[in-house]
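> need coordinates for the below:
(one chain, ligands or ions: 1)
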Amino acid sequence: MFANLKADLRRNLRDYLPCGPLKRAALCLTLNSIHAVALIRLQQACARHHLPTIFAAKALFWLFKIEVSKQAVIGPGLRLPHPMGIIIAPNVVIGPDCDLYADVRLVLAHGMKQGPQLGAHVFMGDGAKAVGAVTIGDHAIIGVSAVVTKDIPANATAVGIPAKIIAENNQRNAEAP
Ligand SMILES: CC(C)(COP(=O)(O)OP(=O)(O)OC[C@H]1O[C@@H](n2cnc3c(N)ncnc32)[C@H](O)[C@@H]1OP(=O)(O)O)[C@@H](O)C(=O)NCCC(=O)NCCS
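Below you'll find the predicted structure:
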């Protein structure tokens, strides 16, 4: 839990660098993304240690209307810049350093057990959704309100319903915040 949380904090604070310990502490107390991500990590740590997850899960739901399955695998460096209405279903895989904006849904298709798999540094814009066992490659950008129903290759930008690729080599790279 702590290794992931440390990476989450580092990434969430990156926009505000350079900042001293006081400003860092103030940001930790005020940034919604950090609070939501910390609750997700707490829920996952409870699940891993066979402790009740209900308290963290309810806090996530009541405060942010976020629901995350215990069976989701979430890499380090997660950012949720506007943490509201996010749903992450069982067997979803989220790679390191991903950004999920408000109302992102990563959900199972009817009758399927495998959820969407996101690579590293994937950006899912406001209201973007991925349905079923789709793979979204590293550094992909999924636009506002897009619905991904087919695999999206690395570095592609996809928009619309169903999501169509509008760029194949976007500029989002490992150094992007
Ligand atoms: C996907 C996105 C990154 C594309 O940005 P871009 O590369 O600058 O693309 P453009 O704005 O030049 O648009 C290219 C085309 O895609 C269309 N398009 C862009 N975003 C779209 C979207 N979300 N849904 C449908 N079509 C979209 C444009 O209308 C344009 O179509 P045209 O070529 O027929 O005129 C951007 O539109 C987006 O959705 N960003 C996410 C914003 C977000 O979630 N912010 C959260 C913080 S508040």
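
> state which helix of this structure is the longest.
Looking across the chain with DSSP state H, the single longest helix is helix 32-48.

> mean confidence score for that helix?
Over the span of helix 32-48, the pLDDT mean works out to 96.

> and the strands in the chain?
Under the criterion DSSP state E, the chain contains strands at 67-68, 73-74, 87-88, 93-94, 99-100, 105-107, 117-118, 123-124, 129-131, 135-136, 141-142, 147-148, 157-159, 164-167.

> could I have the CA atoms of stretch 99-111 written out in CSV?
The C-alpha trace of stretch 99-111 is given here as CSV (Å, rounded to 0.1, in the frame of the first residue of the first chain):
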residue,chain,number,x,y,z
ASP,A,99,-5.2,9.9,-15.1
LEU,A,100,-8.9,9.3,-14.7
TYR,A,101,-11.2,12.3,-14.7
ALA,A,102,-14.7,12.7,-13.4
ASP,A,103,-17.3,10.1,-14.4
VAL,A,104,-14.8,7.6,-15.9
ARG,A,105,-16.3,4.1,-16.1
LEU,A,106,-14.2,1.0,-16.6
VAL,A,107,-16.8,-1.7,-16.7
LEU,A,108,-17.4,-5.3,-17.7
ALA,A,109,-19.4,-6.2,-20.8
HIS,A,110,-22.5,-8.3,-20.1
GLY,A,111,-21.6,-11.9,-19.2
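
> list the buried ones in that stretch?
Buried residues in stretch 99-111, defined by neighbour count with 16 or more other C-beta atoms under 10 Å: 99-108. Bear in mind the C-beta positions are built from the backbone N, C-alpha and C, glycine included.

> how many other residues sit next to the residue lying closest to Lys113 once chain neighbours are set aside?
Sequence neighbours aside, Asn91 is the residue nearest to Lys113 in space, at 6.0 Å (criterion: C-beta to C-beta, 6 or more residues apart in numbering). Applying other C-beta atoms under 10 Å, we find 17 residues neighbouring Asn91.
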